[in-house]
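Visitor: sequence-free structure coming up:
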């Protein structure tokens, strides 16, 4: 229905229908009912109601987080396939059950706890002390009242207390559990392999016109041309509009003063590291090697030169230089590394430190003291941020007005006659993966454009660089070319497909022969291949040249059962492999790794008991979802 309305938006009849629909809504109260419906709860958990506004905020937060994992773009179709809506609903239900459970076991959050938490938040401080004026200003700017904000904090703290209380039932992880997990990650095996590649069998493929035609008939959809579009569009780009926005120093200074914490530069430290990779068998030897290099550096050798020569970290080409790091950025590393970095003095070289995948030395090269960026230093950046934000609002307002104008006037042409200041841009035919240079290179926007049919007008579309209104002049549907038109490409793909099939068949035959009692050397001679020997591999140090799927089988193979049930695929190759040797790790030592594993196991167990608690609560809860959700 919506697509039909857009396609026929230029029709006076449709404009009249829209007016009639609006009148029906007003006189029959449909609009009023919808507005009233928005105040109903979206979800009810026992006696607790969650409104549509709260649901929408939860959905948008989750959508934003999931989108960040996909480069910032998440189409509606992908969000549906990932069940983002159901996840948001589930999170709200679990949050409510956790709060209710906390109250049921007697947990509460006092007013003093809330007061102390608010007073400690740096966002509400001025000169190191809590500022009531700043507190009220920031809450008002975010459309929050103190009561609403503090109730939100109370709910958050109550959930945290519940998690801690439930988790406190798990306080212990045995050494045996840690040893088993350490062994699981570090146990190493080596394999014998035969590698079957399609390239070895291409020369065996004879192209027969009849066979090629039959194959093409089955595979022709893979040769379809992609759809093409020719469009006209109005663009309201943030960068263009930002240039027209003038800002006075007073407004810029106001932002600087209200967001002083944004311009506080923390203490920065520049570490250099010399890193040596380890496996379960050589940690002690690598520690000695690292300590020997430290002794050389302390005796006068250049640490930078040693790092360039011996380090196995990507920073070796820079002499181990990791750049200037604030403590907050360094928090991405292990606490052990952070604490070490901020305990050294300039020029100090740390003793060798063992971490999960290696050992390292660290030298502190430089310290830059914490400082507050001055107004003059921050002025240009602030002005740019404010112009960008205002440009986004202006772009949306102008694009929205244009869209309503086009609908009201019946066509883009009629609208442009009234608004000659607008600039309509046109394109030739283009494909979704090859948009014109001047059109946004944004996949989410392009997906919406290519969802249009010829003669349809888009809705108002937002992209990272602006707002757009698109009219689809013409859309070419995908077509299957004749075999003659793609003969060379079809022959190439035909040969590759047949060669891959032969490689897979040969691999299966080889594995069957091995399982039937032949040796790896005999099978290799029979197929004209050389037996490869893998290095020792572990789950923690899995080589990229082996497919990850092999990890599921190689560690359960034994001398008595050395073969998998099927070959492994690595791209277009087929791998046939057999177990050769196993090395169990010595669980003594590895203190840093053991500590990490113990903490991971503890958190895993606490997560399990929390999940069991929530499952039990949900089984006994009365949960109602609004059918309009």
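Guide: Nice, I can see it. None of the values given here were measured: they were computed from a predicted structure.

Visitor: Any figure for the gap between residue 194 and residue 528?
Guide: 10 Å (CB to CB, to the nearest Å). The way it works is simple: take the backbone N, C-alpha and C, and place the C-beta from them, glycine included.

Visitor: Pick out whichever of these two has more residues nearby.
Guide: Remark: of residue 194 and residue 528, residue 194 carries more neighbours, 23 against 7, as counted by other CB atoms under 10 Å.

Visitor: Any chance of the backbone angles for the more buried one?
Guide: The phi/psi pair for residue 194 (degrees, to the nearest 10) reads phi -120, psi 130.

Visitor: same check, this time on residue 454
Guide: phi -50, psi 130.

Visitor: Contact partners for it?
Guide: 472, 473, 474, 475 (CB atoms under 8 Å, 6 or more residues apart in numbering).

Visitor: Drop anything exposed from those residues.
Guide: With burial judged by 16 or more other CB atoms under 10 Å, the buried subset of those is 472, 475.

Visitor: Go through the contacts of residue 454 and say which is closest to residue 391.
Guide: Distances from residue 391 to the contacts of residue 454, taken as CB to CB, are shortest for residue 472 (27.1 Å).

Visitor: What backbone torsions are found at the closest one?
Guide: Dihedral angles (degrees, to the nearest 10) for residue 472: phi -80, psi 100.

Visitor: ok, now how distant is it from residue 230?
Guide: Counting by CB to CB, the gap from residue 472 to residue 230 is 8 Å.

Visitor: again with residue 128
Guide: From residue 128 to residue 230 the distance is 61 Å (CB to CB).

Visitor: and if you look at residue 410?
Guide: 22 Å.

Visitor: so after whichever helix or strand residue 230 is part of, what's the next helix or strand?
Guide: Assigned by DSSP states H and E, residue 230 falls within strand 228-237. Sequence order places helix 238-242 as the next helix or strand after strand 228-237, per DSSP H and E.

Visitor: So for that following helix, what gets flagged as buried?
Guide: In helix 238-242, counting by 16+ other CB under 10 Å, buried: 238, 241, 242.

Visitor: so what does the next helix or strand after that helix touch, helix or strand wise?
Guide: Using DSSP H and E, the helix or strand that follows helix 238-242 in sequence is helix 249-258. Here helix 249-258 touches helix 132-141, helix 375-409, going by 3 or more CB pairs under 8 Å, 6 or more residues apart in numbering; DSSP states H and E.

Visitor: So which of the ones you listed is the most surrounded?
Guide: helix 375-409 (a mean of 16; mean count of other CB atoms under 10 Å).

Visitor: What is the burial count for residue 423?
Guide: Residue 423, neighbours per other CB under 10 Å, totals 8.

Visitor: scratch that, residue 146 is what I was asking about
Guide: 13.

Visitor: now do residue 363
Guide: Residue 363: 24 neighbours (other CB under 10 Å).

Visitor: Distance of the residue sitting nearest the centre point of the chain relative to residue 78?
Guide: Nearest to the mean C-alpha position of the chain, by CA atoms, centre = their mean, lies residue 69 at 1.4 Å. Distance, residue 69 to residue 78, using CB to CB: 11 Å.

Visitor: again, but for residue 478
Guide: For residue 478, the distance to residue 78 - CB to CB - is 21 Å.

Visitor: do the same with residue 401
Guide: 31 Å.

Visitor: contacting residues for residue 430?
Guide: Here residue 430 is in contact with 228, 229, 230, 436, 439 (CB under 8 Å, 6+ apart).

Visitor: what do you get if the cut-off is 7 Å, keeping everything else the same?
Guide: Residue 430 makes contacts with 228, 229, 436, as judged by CB atoms under 7 Å, 6 or more residues apart in numbering.
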